[in-house]
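> Sequence first, then the predicted structure, then my questions.
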Amino acid sequence: MEILGATLRICVDDLEASVPFYERLSGGRALRFERGGVSVAAVGCFLLMSGPEAELDVLRKVAATIAVKDVDEAHRVLSDSGAHILAGPVATPVGRNLIAMHPDGAVYEYVDRRAAE
């Protein structure tokens with residue numbers, strides 16, 4: 001499984017107020033979308049999320065988002081290595097993802113940029 005990078009997940013109270021800071025910090029523009037009632041802005045290596053507290057409580061349980069070349073391959077490697085797949089793979093606005101709990105209890109999201117087939 002090829003890991004391409006990681007994204008830091010940050011829950012913020014005010015997405016509109018937070019985005020300009022992270023755009024300046026990363027030198028890039030935010031890619032915005034909504035998912036499950038949560039507003040999201042992807043800026044460089046940061047994933048800013050804002051929305052209902054109940055939704056954010058669930059999102060806070062995921063330590064980081066890990067970009068991989070292929071989520072299907074990640075699913076196989078994670079399963080074969082003892083991880084528990086909690087959700088996915090499923091299509092997202094920017095590719096596919098899955099949520100996995102590692103044997104040590106840490107929870108991560110794995111994503112790729114491949115279109116749903």
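Thanks, I have the structure now. A quick note: this is a predicted structure, and the numbers were derived from the prediction, not measured.
> CA atoms for contacts and neighbours, from now on please.
OK.
> Could you give the number of residues near the closest residue to Ala30 other than its chain neighbours?
Spatial nearest neighbour of Ala30, excluding adjacent residues (C-alpha to C-alpha, 6 or more residues apart in numbering): Val43 at 4.6 Å. Neighbour count of Val43, defined by other C-alpha atoms under 10 Å: 23.
> So Val43 versus Ile10, what's the distance?
Counting by C-alpha to C-alpha, to the nearest Å, the gap from Val43 to Ile10 is 11 Å.
> packing partners for the helix ranked longest in the chain?
The longest helix of the chain (DSSP state H) is helix 15-26. The helices and strands touching helix 15-26, judged by 3 or more C-alpha pairs under 8 Å, 6 or more residues apart in numbering; DSSP states H and E, are strand 38-43, strand 46-50.
> any idea which of these is most buried?
Ranked by mean neighbour count under mean count of other C-alpha atoms under 10 Å, the helices and strands packed on helix 15-26 are led by strand 46-50, which reaches a mean of 23.
> Would you confirm that Glu2 contacts Asp72?
No. Glu2 is beyond contact range of Asp72, at 11.6 Å (criterion: C-alpha atoms under 8 Å).
> Between these two, which is the more surrounded one?
More crowded of Glu2 and Asp72, by other C-alpha under 10 Å: Asp72, with 19 against 11.
> Report the secondary structure state of that one.
For Asp72, the assignment made with DSSP: H, G, I helix; E, B strand; the rest coil gives helix.
> quick one: the residue nearest to Ala30 from Arg114, how far?
Using C-alpha to C-alpha, Val43 is found at 19 Å from Arg114.
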